[in-house]
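# just coords:
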C-alpha cells in the first residue's frame, strides 16, 4: 500500500516537472529554438498537424529557424499558422523553405520572460505540494483504517517530504537554466 502511494506520488511529481519543461520550451529566449514551434498546428487538408510532423525544423544559425516542408504545397499553410500563433514572429519563404529570423530581445522583454518562467516554476511547485498533500492524506486514511501503523505513517511522510524537496529542487534548476538562456545576450 505505502509503496504504491509513493510510486504514484513520484510519477505525478515527475509529470509536473515534465509539464514545466514543456511550458518553458514555448518561451522564446534570445537564441532561435525550433521547440517554440512545437505548439503551432497547421490545418493540413482538414487535420490539425504539428509543424514538426510535416517539415524538418532546424536552427542553422543562432537567430534563425529554418522550416523545410516535405510537401511544397504546405508552405503557405505553415506560414499562415505561424503568423496566427501568439509567438509574435514573422516568417518569410522563398518557395522552398520558410525562414524565421528571431529579433533581438529588449531588456524589458527579457525581464518579462524571466518573470513568466518564474511563474511557471511557482505553478509547478504548487502542483508538487498538492500532490504531496494528497499522498499524505491517503496515508493518514490508511492509518485511520488501521492498515498501517503510526510509525509507518511517520516514516512514509518523511520519505514523501524528501521526494517533494527533490522535485522542488529540480523545478528550481529547470527555471534557473531557462532564466540564464533568456538573459543571455
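Here it is on my side, so go on. Since the model is a prediction, treat every value here as computed from it, not as a measurement.
# Whichever helix in the chain runs longest: how far from the chain's middle?
Longest helix in the chain, counting residues (DSSP state H): helix 107-144. From the chain centre to the centre of helix 107-144 is a distance of 14 Å (C-alpha atoms, centre = their mean, to the nearest Å).
# what packs against it?
helix 2-25, helix 150-183 (3 or more C-beta pairs under 8 Å, 6 or more residues apart in numbering; DSSP states H and E). No exception for glycine: its C-beta is placed from N, CA and C like everyone else's.
# Between helix 2-25 and the last one, find me the angle.
Same thing as helix 150-183. Angle of helix 150-183 versus helix 2-25, following axes from the mean of the first three to the mean of the last three C-alpha atoms, to 10 degrees, is 10 degrees.
# Average pLDDT for stretch 17-26, rounded please.
The average pLDDT within stretch 17-26 is 87.
# and it, how far from the chain's centre?
Distance, centroid of stretch 17-26 to centroid of chain: 1 Å (C-alpha atoms, centre = their mean).
# and for stretch 158-170, what are the contacting residues?
6, 9-10, 13-14, 16-17, 125, 128-129, 131-132, 135-136, 139 (C-beta atoms under 8 Å, 6 or more residues apart in numbering).
# What subset of those is buried?
6, 9-10, 13, 16-17, 125, 128, 131-132, 135-136, 139 (16 or more other C-beta atoms under 10 Å).
# and the two most separated of the residues you listed?
For the buried ones among the contacts of stretch 158-170, the farthest-apart pair by C-beta to C-beta is 17 and 139; their separation is 22.2 Å.
# For the contacts of stretch 158-170, work out which two are farthest apart.
Farthest pair in these (C-beta to C-beta) is 17 and 139. Separation: 22.2 Å.
# hmm, what's the outermost residue in this structure?
Within the chain, the residue lying farthest from the chain centre (C-alpha atoms, centre = their mean) is residue 146, at 40.6 Å.
# Which pLDDT value goes with it?
On the pLDDT scale, residue 146 gets 88.
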